[in-house]
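>>> Turn this into a structure:
(chains A and B)
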There are 2 protein chains.
Amino acid sequence: MSKLVTKITDRDVDFGQWYTDVVREADLVSYTSMKGSMVIRPYGYAIWENMQSILDQEFKKTGHQNVQMPMFIPESLLNVEKEHVEGFAPEVAWVTHGGKEELEERMCVRPTSEVLFCDHYKSIIKSYRDLPKLYNQWCTIVRWEKTTRPFLRSREILWQEGHTMHATKEEAREETLKMLHVYEDFQRNVLALPVIVGRKTEKEKFAGAEETYTLEAMMYDGVALQNGTSHFFGDHFAKAFKIQFLDENNELKTPYQTSWGVTTRMIGAIIMTHGDNHGLVLPPNIAPTKVVFIPIGTDEKVLNKVRELQKELPDSITSIIDDSKKSPGFKFADAEVKGIPIRVELGSRDLENDSVTLVRRDTLEKITVSLENAVSEIEKLLPVIQQDMYDRALKRRDSMIYEAGTYEELKESSKEKNGFYKINWCGDTSCENQIKEETGLKSRCIIENEEARGNCIVCGKKATTRLYVGKQY
Amino acid sequence: MSKLVTKITDRDVDFGQWYTDVVREADLVSYTSMKGSMVIRPYGYAIWENMQSILDQEFKKTGHQNVQMPMFIPESLLNVEKEHVEGFAPEVAWVTHGGKEELEERMCVRPTSEVLFCDHYKSIIKSYRDLPKLYNQWCTIVRWEKTTRPFLRSREILWQEGHTMHATKEEAREETLKMLHVYEDFQRNVLALPVIVGRKTEKEKFAGAEETYTLEAMMYDGVALQNGTSHFFGDHFAKAFKIQFLDENNELKTPYQTSWGVTTRMIGAIIMTHGDNHGLVLPPNIAPTKVVFIPIGTDEKVLNKVRELQKELPDSITSIIDDSKKSPGFKFADAEVKGIPIRVELGSRDLENDSVTLVRRDTLEKITVSLENAVSEIEKLLPVIQQDMYDRALKRRDSMIYEAGTYEELKESSKEKNGFYKINWCGDTSCENQIKEETGLKSRCIIENEEARGNCIVCGKKATTRLYVGKQY
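Down below sits the predicted model:
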């Protein structure tokens, strides 16, 4: 198993540099003259297109419709909801001039679109017959981050944001959880990410939300990546924006609201969960190219056979033939760094022996099969790779979940090793703050299915809640 | 043929107001607190999604890849190419602050992305092996227009922009025309728009381009809508950005560039070409819903039969059943204002008679067919509607193309009637300017397949060029 790619730092030596190297060598992004922004290159964008296409189908199946809101928010509109503006105003980009003229009122580039949706909902929701409204938007948002990293934290973020309005609190809560589970299924089954799903604490919830649910993915280095959120707003924004409807009894009521979003950050999660020292490793269900055929040598018969095999693959198994003039070694390395799930190698001798070699990207295992069975073996192997990638990530994640019985234990242990720490907690924000300040660990989410026992590990008061804490990207 | 929709102004009385009414009543857009921007509502956005999906397939078939560039352009980068910055600087939105801090260098929201692509191409094009680069981007751009109209002229524009780089001038020219014809085929065959395709004059070409090709659609009122462009840049931008590559002989060369784009303006073109006093009329090939079933009365048997018919339709024929509690009259009007190509009406008596009524939206003609043949009749009718819509638009367009033999004739005639006027022209911008100032007519495009005869109708010098002139949106 020779290491062909040398431009990638060892992930156990410097995980941060390893990430930067993979992102660059796999041709996912490119830096630009625009600090904090990036170009998403064709290979990176193809992964995002696959994510969009699968999620969009799920959104439509669950009754959602796509719309497009303005990109700008006038300052007065952003100011309508107090918590929200306090949460976002420090990190927005302000437009002050149109052409040569100064604007009467400055406006920000949307950091998220709650206020724009509310502004619109106010004009189209009049009666219970207008509810629910189940809208989604695919767009770019801007948050003026100081330090940026491709896919993880950037000034421009490609995402989708669902914004829905409901006649009752129950229905809105149900929607919040329904979409959380759409995300969970997608991340588990398509991205092979064993995410932990739960409710955020008061301190960590979205600015303006009543409840925030999160998908917490654990990276190879044991650090958490918040990989999507779903919010229940109650009637908070609706009241601030004076959105009301007449119910069946002709009484004025305030509707209940949700929002939910995932971003290109999911690409970062795939890289840091599945990648290795050879580069990217893509789960077959999201890979733009599932199979790469590499003919070895210049024998025309080999190339013809490869073309024949490609034709036999069903359309759903996307594939390419790398018949460029580069050396086989270079082609193998390129297929590896790009994380293509299966590499098919065929040379003249293989052809004589009626055999072909399949190389699994996830394990780098080589499997020799007869030419006759090649296509059916590829078809069988792809779901196996998908499942194995999930299982390995799950096992690794579970091996890095620890119980911290005392605050001392949490402090000592988290210095030595990253991971998710389970603690008993009193529910007070002051204890969360203390943990954050003294250990750098932040609340990930409440553990809903475990009961708190004994006392809060920080203040010693009676514990009410089980909580995951951990470092985050 | 009773007129059920009363909120739409007669298009022959006030075409501008008619347009605004249709856009509103068909639920395509909604105005917002953000002046000059609009919300694209689900029905309007679904049309755009169909356009995106069909065009994106064509782009990929012709070898193009999608990417995503930054949304912002630093002022110094916009300034690199002189003609370009002069063309766009007066109409860009400037970001001056990130959070509370003033930026060291202000940046504009992209009005188009030539300079961003050049900045990126400079870093990734080194050798002839890196060419061609065939990139496309779906995104939103911003142009700070003073007066705006939904889809036609807005501050935020949803569009795609292709940007390609080639080793030779010939290849870049070929690409320019190839993509022009992709647009032409799409607009003719899918949108049923009989566009006139040709080259823009020096005066009207894109800021920084060597040649600009345009698709000119003619609206119901005889006014032109520029409905897409494809530009050949030569090596103009590449030189300004110092993009160079080593050719096969290891010599440094400058690559040749194109760009091409279409926008949501195409939705405006559909409305103003095909719409009537009942509202929108959508060509079947772009309609989000091709068939609406309207069961009449409350007979369960009718509803069941309607469901049965819907199930028999192939998946490609998208349909809905309007079984809401509104009156049939209201439902008919709603289906009409939304421009759904075929309306299927079924009541108890129809069921007894084993018949069903199909209503063509384009002609409002009612066709009674047997229940047994309903599905096959719908399948046959859709392409007929598509073709008839194109033919009618073509006939109308041709009836509003005039020859203006003298400048007097042009001035007099264009006062009385809108349309495209063919003139003989010397090729001088000063004559174009004079026509513009004295008649309000602008050059549409050069008529490539007709030879100029006699003298320029403005200055009397020898004519070199046949030209379409006309008013524009």
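
>>> hey, which helix or strand in chain A has the poorest pLDDT?
When each helix and strand of chain A is scored by mean pLDDT, DSSP states H and E, helix A:82-88 comes last, with a mean of 86.

>>> And the contacts of it?
With CB atoms under 8 Å, 6 or more residues apart in numbering or on different chains as the test, helix A:82-88 has contacts from A:Leu78, A:Asn79, A:Pro111, A:Thr112, A:Glu114, A:Val115, A:Arg143, A:Phe206, A:Ala207, A:Gly208, A:Phe237, A:Ala240. C-beta coordinates here come from the backbone N, C-alpha and C atoms, glycine included.

>>> Keep only those of the residues you listed that are in strands.
Using DSSP state E, no member of the contacts of helix A:82-88 sits in strands.

>>> any idea how far chain B is from A:Met69?
Look at A:Met69 and chain B: by CB to the nearest CB, to the nearest Å, they are 6 Å apart.

>>> give the contact list for the nearest residue to that residue once chain neighbours are set aside.
Distances taken as CB to CB, 6 or more residues apart in numbering or on different chains place A:Leu116 nearest to A:Met69, at 4.3 Å, with adjacent residues excluded. Neighbouring residues of A:Leu116 by CB under 8 Å, 6+ apart: A:Met69, A:Pro70, A:Ile73, A:Leu77, A:Arg110, B:Thr32, B:Met34, B:Val39.

>>> Show me these that map onto helices.
A:Leu77 (DSSP state H).

>>> nearest to A:Thr465, of the contacts of A:Leu116?
A:Arg110 (34.0 Å; CB to CB).

>>> what helix or strand is the nearest residue to A:Pro255 once chain neighbours are set aside on?
Distances taken as CB to CB, 6+ apart place A:Met165 nearest to A:Pro255, at 4.7 Å, with adjacent residues excluded. In this structure, A:Met165 sits in strand A:156-166 according to DSSP states H and E.

>>> If you count contacts, what does that strand end up packed against?
The helices and strands touching strand A:156-166, judged by 3 or more CB pairs under 8 Å, 6 or more residues apart in numbering or on different chains; DSSP states H and E, are helix A:42-61, helix A:114-124, strand A:133-142, helix A:169-189, strand A:256-263.

>>> Show me what it pairs with in its sheet, parallel or antiparallel.
Here strand A:156-166 has these sheet partners by DSSP bridges: strand A:133-142 (antiparallel), strand A:256-263 (antiparallel).

>>> got the CA positions of it in CSV?
What follows is strand A:156-166, C-alpha atoms only, in CSV (Å, rounded to 0.1, in the frame of the first residue of the first chain):
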residue,chain,number,x,y,z
GLU,A,156,-20.4,33.7,2.3
ILE,A,157,-22.3,30.6,3.1
LEU,A,158,-24.4,28.6,0.6
TRP,A,159,-27.4,27.1,2.3
GLN,A,160,-31.1,26.4,2.4
GLU,A,161,-33.4,28.0,5.0
GLY,A,162,-36.9,26.7,5.6
HIS,A,163,-39.4,29.1,7.1
THR,A,164,-42.8,27.9,8.0
MET,A,165,-46.0,29.4,9.6
HIS,A,166,-48.6,27.3,11.4
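
>>> Next, the angle helix A:169-189 makes with it.
Put simply, strand A:156-166 runs at 140 degrees to helix A:169-189, going by axes from the mean of the first three to the mean of the last three CA atoms, to 10 degrees.

>>> quick one, helices of the stretch 201-350 of chain A?
A:236-240, A:265-274, A:300-312, A:328-337, A:348-353 (DSSP state H, counting those that start in this stretch).

>>> Mind checking those helices for the one nearest to chain B?
Among the helices of the stretch 201-350 of chain A, the nearest to chain B by CB to the nearest CB is helix A:265-274 (11.8 Å).

>>> What is the burial count for A:Glu105?
10 (other CB atoms under 10 Å in any protein chain shown).

>>> what's near enough to touch the closest residue to it other than its chain neighbours?
Using CB to CB, 6+ apart and skipping the chain neighbours, the partner closest in space to A:Glu105 is A:Pro74 (5.3 Å). Contacts here follow CB under 8 Å, 6+ apart; on that basis A:Pro74 touches A:Glu105, A:Met107, B:Ser33, B:Met34.

>>> Among these, which one has the most neighbours?
A:Met107 (26 neighbours).

>>> what sits against A:Glu91?
Residues in contact with A:Glu91 (CB under 8 Å, 6+ apart) are A:Pro111, A:Arg143, A:Trp144, A:Glu145, B:Gly98, B:Gly99.

>>> Nearest to B:Phe186 among those?
A:Pro111 (35.4 Å).

>>> pretty sure that closest one contacts A:Val142?
Yes. Assessed by CB atoms under 8 Å, A:Pro111 is found in contact with A:Val142 at 6.3 Å.

>>> any common contacting residues for these two?
A:Val92.

>>> Who has more neighbours out of those two?
The neighbour comparison of A:Pro111 against A:Val142 (other CB under 10 Å) goes to A:Val142, with 25 against 22.

>>> Nearest spatial neighbour of the more buried one, chain-adjacent residues omitted?
A:Val109 (4.2 Å).

>>> Am I right that A:Pro90 is in contact with B:Gly99?
Yes. The criterion here is CB under 8 Å, and A:Pro90 meets it with B:Gly99 at 4.8 Å.

>>> Spatially central residue in chain A, please.
A:Met266 (2.3 Å; CA atoms, centre = their mean).

>>> residues contacting it?
A:Met51, A:Gln187, A:Leu191, A:Asn227, A:Gly228.

>>> Extract the residue ranges of chain A that are flagged as low pLDDT.
Across chain A, residues meeting the criterion (pLDDT under 70) sit at A:1-6.

>>> what element comes up after the lengthiest helix in it heading to the C-terminus?
As assigned by DSSP H, the longest helix anywhere in chain A is helix A:374-399. The helix or strand immediately downstream of helix A:374-399 is strand A:401-403, counting by DSSP H and E.

>>> Identify the residues contacting the residue of the stretch 101-250 of chain A at minimum distance from chain B.
With CB to the nearest CB as the measure, A:Trp144 is the residue of the stretch 101-250 of chain A nearest to chain B, at 3.7 Å. Taking CB under 8 Å, 6+ apart as the contact definition, A:Trp144 lies against A:Glu91, A:Val92, A:Ala93, A:Arg155, B:Gly98, B:Gly99.
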